[in-house]
Structure formats: structure tokens, C-alpha cells
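Undergrad: sequence-free structure coming up:
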């Protein structure tokens, strides 16, 4: 005998795999509006392959609406998935759940992942979940990525570092004197962002780069 509950669960699970992204989005929102543990696997599996950003965000929201005691154990193995999106989306969902018991799962392999989307999400999630006593150590790990990647990657790193608070200030001051101008500029921009968290990161990055280049030109003239 089929109950209305199992019928709804099956319908939503099928809708999460529909060709039309708007159908998948409605299914993910419905799953979060009325949380159903029976959809846990379907939501987690879809996170790994969903191509649409808005649907992925709704999937994470729906997972975060379920009891953490169920969601966390299901997300944990996704952090070791060979699929970069599975790891990135699991990390994003952990940040939405906000349970600090997941902090030990943010491993160096994730923080230093070669895939930018995984590393960026790991930085933000780590900054959200880190215990106070681990902030300095995490800052040291994150500073290894100053100057890395494109504007989005640098913006994500700066925001994660600022989220760690004053513990990063002396580390950034040293990094701002780094011989690599890309590292120095990124550190300088992050220092400025620490002073004014509402400032635009892109403008700070550009200004810091100009300052470093002017300094390098002046040193070359001596």
C-alpha cells in the first residue's frame, strides 16, 4: 500500500532529476519547505552533479533543513569524492548547517585542493567553523594561497581571512612585504579589508597592486 508521504517523496526525488532546471528548483525548494529525511540521499546525490547554481543552493538549503544528526554523516563521505563538485557542495552545505563538530573534516587536502572551486569553498567553510583556538593555525594555512588564481579566488581568500579576525593582522603585515608582488598586493588588499570589511575587495586589490608596483619601480631606480 502506498501512502501519500511515500508518493510525495518519490515524486520529489524524480523531479530533482528532471531535464528542466525550473522543475528541479521547485522540487529542491519543496524538499526544504517540508523537510523529509527520506529525501536525504536524493538531495546529497543531486548536489554532486547539479549544473545549475540556483538549484545547487536550494539543494544545500534543503539539506541544512534536515536534522544535523542525519545530514552530517551523509555529507562526510562526499568530502572525499573524486568529483570536485561533490566536495565543494558538501563543504558549502556544512557551512549552511553551521555545526562546528564538522571542523575536523576540513582537512589540508581540502584547504589546498588544486580545484579552485573546492579550495574557495573550503576556505569559507573553515573560517565559519573554526574553533577560536585554531584560528591562528588556519590563518597560516590560508596565507599560503595569497596571490593564487583569478579575482574570484583572491576575493574568496581575502573574505575568509577577514572572517578570522585580528589574529591575521600580523601575518598579513609580514606577507605585505613579500618579494612576490602578487602575494604582497593580495596581502595589502586583505589588510585594508580587515580595516573596512564593507569595502569592495576588487578596488582594494587594484589599489594594492598599484602601490606594490610603484614601490618596485622606485626600488629599481635606486
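TA: Cool, the structure landed. Owing to the predicted nature of the structure, the values given are computational and were not obtained by experimental measurement.

Undergrad: name the element the most centrally placed residue in the chain belongs to?
TA: Note on the chain: the residue nearest the mean C-alpha position is residue 121, at 2.0 Å, using Cα atoms, centre = their mean. Secondary structure from DSSP states H and E places residue 121 in helix 116-129.

Undergrad: Just after that helix, pick out the following helix or strand.
TA: helix 135-143.

Undergrad: Now do that following helix against helix 116-129, angle only.
TA: Counting by axes from the mean of the first three to the mean of the last three Cα atoms, to 10 degrees, helix 135-143 points 170 degrees away from the direction of helix 116-129.

Undergrad: Tell me which residues of helix 135-143 come out buried.
TA: 135, 138, 139, 141, 142, 143 (16 or more other Cβ atoms under 10 Å). The C-beta positions use only the backbone N, C-alpha and C, and glycine is treated the same way.

Undergrad: ok, now stretch 32-52?
TA: Neighbour count says stretch 32-52 has 32, 35-36, 39-40, 42-48, 50 buried, by 16+ other Cβ under 10 Å.

Undergrad: do stretch 167-181 as well
TA: Buried residues in stretch 167-181, defined by neighbour count with 16+ other Cβ under 10 Å: 168, 171, 172, 175, 176, 178, 181.

Undergrad: Which of the residues you listed fall within helices?
TA: When these are checked against helices (DSSP state H), the matches are 171, 172, 175, 181.

Undergrad: and the buried residues of stretch 32-52 as CSV, adding secondary structure, distance to residue 196 and pLDDT?
TA: Shown next, in CSV, are the buried residues of stretch 32-52 (DSSP: H, G, I helix; E, B strand; the rest coil; distance: Cβ to Cβ, whole Å; pLDDT from 0 to 100):
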residue, secondary structure, distance to residue 196, pLDDT
32, helix, 35, 97
35, coil, 39, 95
36, coil, 44, 95
39, helix, 43, 97
40, helix, 41, 97
42, helix, 43, 97
43, helix, 38, 98
44, helix, 39, 97
45, helix, 42, 96
46, helix, 39, 97
47, helix, 35, 97
48, coil, 38, 96
50, coil, 36, 97
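
Undergrad: thinking again about what came up before, could the buried residues of stretch 167-181 go into CSV alongside distance to residue 107 and pLDDT?
TA: As requested, the buried residues of stretch 167-181 are exported to CSV (distance: Cβ to Cβ, whole Å; pLDDT from 0 to 100):
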residue, distance to residue 107, pLDDT
168, 21, 96
171, 21, 96
172, 24, 95
175, 23, 95
176, 29, 92
178, 26, 93
181, 31, 91
